[in-house]
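Enquirer: no sequence on this one, just coordinates:
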């Protein structure tokens with residue numbers, strides 16, 4: 001509605017999950033696969049994803065994150081380049097190249113999943129708990145010249 005991602009209940013849960021690992025929204029960069037909300041908040045269509053994909057990849061190229069945490073199926077499939085769903089890969093780090101840079105891709109369930117299925121919350125909390133270690137390890141692997149950037153997690 002107002003161009004800011006994650007402003008509803010899923011956003012409040014995202015804020016809680018981030019606070020649980022010592023992060024705030026200002027510590028991360030949040031980008032959406034689609035650059036506009038589909039009607040009735042439906043799932044994105046393949047042609048909509050294809051239309052917005054260059055913009056997302058350009059954002060990633062400019063930001064140069066060390067860690068990209070994807071939330072849900074659409075972001076995970078697009079950025080991993082694999083058709084494997086979130087249920088099989090959540091919480092499993094992958095090494096990929098995005099925007100010409102090596103990145104740790106870390107698939108997570110979308111916070112909305114825990115709103116619809118409360119038992120998912122524990123899984124999300126466990127997967128989020130690994131993020132600080134992933135950030136630390138990815139920072140250690142970053143050349144000294146790049147360490148002046150704040151750790152960036154893209155969701």
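Expert: Everything's here; your move. Just so it is clear, the structure is predicted and the values come from calculations on it, not from any experiment. Numbering: from 1, shown residues only.
Enquirer: name the element residue 18 belongs to?
Expert: helix 9-19 (DSSP states H and E).
Enquirer: can you spell out which helices and strands pack onto that helix?
Expert: Where contact means 3 or more Cβ pairs under 8 Å, 6 or more residues apart in numbering; DSSP states H and E, helix 9-19 is packed against helix 111-116, helix 120-129. C-beta here means a position set from N, CA and C on the backbone, and glycine is covered the same way.
Enquirer: which one, of those, ends up nearest to residue 95?
Expert: helix 120-129 (17.6 Å; Cβ to Cβ).
Enquirer: from residue 90, how far off is residue 137?
Expert: As judged by Cβ to Cβ, to the nearest Å, residue 137 and residue 90 stand 19 Å apart.
Enquirer: ranking the helices and strands packed on helix 9-19 by burial, who's on top?
Expert: Per-stretch averages of neighbours, counted by mean count of other Cβ atoms under 10 Å, single out helix 111-116 among the helices and strands packed on helix 9-19, with a mean of 18.
Enquirer: neighbouring contacts of the host helix or strand of residue 47?
Expert: Using DSSP H and E, residue 47 sits within helix 46-63. Outside helix 46-63, the residues within contact range by Cβ atoms under 8 Å, 6 or more residues apart in numbering are 29, 31-36, 38, 68, 74, 78, 98-101, 103, 152, 154.
Enquirer: the residue lying closest to residue 127 once chain neighbours are set aside and residue 59, how far apart?
Expert: Leaving aside its chain neighbours, residue 127 sits nearest to residue 91 (4.1 Å; criterion: Cβ to Cβ, 6 or more residues apart in numbering). Distance, residue 91 to residue 59, using Cβ to Cβ: 24 Å.
Enquirer: just residue 83 next, same as before
Expert: Plainly put, residue 83 is 23 Å away from residue 59 if you go by Cβ to Cβ.
Enquirer: neighbour count for those two, which is higher?
Expert: Ranked by neighbour count (other Cβ atoms under 10 Å), residue 83 and residue 59 place residue 59 first, with 16 against 7.
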